[in-house]
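Student: here's my sequence, what's the structure:
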Amino acid sequence: MKACGIVTEYNPFHNGHAYQIEQIRKNLPVDVVISVMSGNFLQRGEPAIVDKWTRTKMALAAGVDLVVELPVSSSTQSADFFAKGAIQILGDLKIDYLSFGVEEGLGKDFLNAAHWMVENESLISQKMSKFESVNVPYAKQMEELLNQLAPSFPLSLNSPNNQLGFAYAKEIVRQGLAEQVELFPIQRKAVRYDDPTLHEKISIASATAIRQAMLEGRQIEAYIPSESYGYLLEKMDQSVTWDDYFPYLKYQLFLQSESSLRNIYQMTEGLEYRLKQNIKDASSMEEFLEGIKTKRYTRTRLQRLLTYVLLQFSIEEVEKALAERPSIRLLGFNKIGQRYLNENRDQIQSPFISNINQETKDQLRMDILAGEIYTLGNKKIEKQDFTRHPIKFD
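Tutor: Alright, predicted model coming up:
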């Protein structure tokens, strides 16, 4: 069986995601579509609007065959570490194709650019070190450096989707998968990833716009596959945002000393003092972020840091998790996905976990903790790990 892997958050699943699956099946000779999906905390440093089990059901209903979880140690990271964890899992699951959404660029462009980058990593690292004291975001630094070193670089990295796609391509090269895995980028259709508007004449909207409409009680049914919408509708009263966790974050920042906060992953350059100072008068997450963000520290970078504070993730435990191959947590499957697992189970090298119990709980300690904290945001959210079994979708 031929497999195509996709890296997803499905926050929530919508028509744009369904379009990607449609294009995969239309253009590639694949039997199974595998999604490695972030759990309850996401790449931009925020909680998912509904839990991972609801999003798994939405994906399976719309044509994904197999859903596994991207561990929280990877799912809350910047592009490179996010991509590393996802590609390790998909490589272990023996995918033949990797598909991702982009603004522009062909598979060969991403692969050629990735080969150049990996081959020149030492030079790039040396040059980037000169930017360390400059008050410029990483993405902007890299753009300036590429303009200097490779004026004919075959890829634009001006958009988050292209940056993520490039990160996936680099990991395909680094992990020795370039001969095994063919890249299949799909150009985004109709709207930008961050377009805040629900367009009445277009059935595709950004996840950003859909989430905002959900929170405001507006109609979103037209922008989500009908097969998936019912699962989201069932959990509308369990949706969460950062504001639902802000009291717990504020408690942590009040409680902990600066020296204690310095042990939190990504707490650098005296940020602990900035957080402690600004939390005193902040009454919401938005107000707090406005008070602490700078040109150097973007909103997303700070949201990730605050996620680590909320989850109490230390430097040592995150770095240890990133240095190991991630466990593969099965969230859901249909008959095709089950058949694929049966055929390939013996080739999977990483720990493969279907259920959380006394034997497997230590392998997913960080994810279990993240699940427990996620339930604090809304008293209606069910337990996320213990007692939960993979969803079998017929």
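
Student: mind giving me the packing neighbours of the least confident helix or strand in the chain by mean pLDDT?
Tutor: Using mean pLDDT, DSSP states H and E, the weakest-scoring helix or strand in the chain turns out to be helix 138-149, at a mean of 74. Under the contact criterion of 3 or more C-beta pairs under 8 Å, 6 or more residues apart in numbering; DSSP states H and E, helix 138-149 touches helix 121-128. Bear in mind the C-beta positions are built from the backbone N, C-alpha and C, glycine included.

Student: contacts for the helix it packs on, please.
Tutor: 117, 141-142, 145, 148-149 (C-beta atoms under 8 Å, 6 or more residues apart in numbering).

Student: send me that helix as CSV with only the CA atoms.
Tutor: The C-alpha trace of helix 121-128 is given here as CSV (Å, rounded to 0.1, in the frame of the first residue of the first chain):
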residue,chain,number,x,y,z
GLU,A,121,24.6,24.4,7.4
SER,A,122,27.9,25.1,9.0
LEU,A,123,28.4,28.3,7.0
ILE,A,124,24.9,29.5,7.7
SER,A,125,25.2,28.8,11.4
GLN,A,126,28.5,30.8,11.5
LYS,A,127,26.9,33.7,9.7
MET,A,128,23.7,33.6,11.8
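
Student: can you list the weak-confidence ranges in this structure?
Tutor: For the chain, applying pLDDT under 70 flags the ranges 130-139, 190-194.

Student: care to break it down by domain?
Tutor: 3-240+325-392, 242-320 (automatic domain parsing).

Student: ok, Gly39 touching Ala370?
Tutor: Yes. If you go by C-beta atoms under 8 Å, Gly39 and Ala370 touch, sitting 6.5 Å apart.

Student: which residues do the two both contact?
Tutor: Val72.

Student: which residues touch the closest residue to Ala282 other than its chain neighbours?
Tutor: Leaving aside its chain neighbours, Ala282 sits nearest to Phe288 (3.7 Å; criterion: C-beta to C-beta, 6 or more residues apart in numbering). Listed by C-beta under 8 Å, 6+ apart, the contact set of Phe288 reads 246, 278-279, 282.

Student: would you turn those into TSV with distance to Met366, neighbour count and secondary structure?
Tutor: What follows is those, written out as TSV (distance: C-beta to C-beta, whole Å; neighbours: other C-beta atoms under 10 Å; DSSP: H, G, I helix; E, B strand; the rest coil):
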residue	distance to Met366	neighbour count	secondary structure
Phe246	22	21	helix
Asn278	27	16	helix
Ile279	24	19	helix
Ala282	27	19	coil
